[in-house]
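Trainee: Next comes the sequence, and after it the predicted model I'd like to discuss.
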Amino acid sequence: MIIGESIVITLVVAIAGSIVGIIGVEALIALKVLGGISPIFTLVTFSKAFAIALIVGVLGGIYPAIKAVRLPPTEALRHE
């Protein structure tokens, strides 16, 4: 369950980060801050970014998941 939540949060944040990144770069281009550099957004770039984000999200969720598995249910409910 914890890994599933980690994946969902990771996907939502990866999508939001992609949107904010594109908007930010387009704003910098409109303000002529980049000095003639034009970025190229490709499906390969986004695929690699999502793969890295998913791997980091799963790795970040493994430690809490292992900790939760080792905790007895009565202890988990006591700390709520």
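Mentor: Great, that's in hand. If you're wondering where the values come from, they're calculated on a predicted model, not measured in any experiment.

Trainee: Name the residues of whichever strand or helix holds residue 25 that are buried.
Mentor: In this structure, residue 25 sits in helix 2-30 according to DSSP states H and E. Of all the residues in helix 2-30, those buried under the rule 16 or more other Cβ atoms under 10 Å are 6, 10, 14, 18, 25. In this view, the C-beta of every residue, glycine as well, is placed from N, C-alpha and C.

Trainee: Just give me how far it sits from the chain centre.
Mentor: Averaging C-alpha positions (Cα atoms, centre = their mean, to the nearest Å) puts helix 2-30 7 Å from its chain's average.

Trainee: list the helices and strands it packs on?
Mentor: helix 43-70 (3 or more Cβ pairs under 8 Å, 6 or more residues apart in numbering; DSSP states H and E).

Trainee: got the angle for the helix it packs on vs helix 2-30?
Mentor: 150 degrees (axes from the mean of the first three to the mean of the last three Cα atoms, to 10 degrees).

Trainee: Now do the helix or strand following helix 43-70, average pLDDT.
Mentor: Counting by DSSP H and E, the element after helix 43-70 in chain order, helix or strand, is helix 73-78. For helix 73-78, mean pLDDT is 76.

Trainee: Understood, closing this out.
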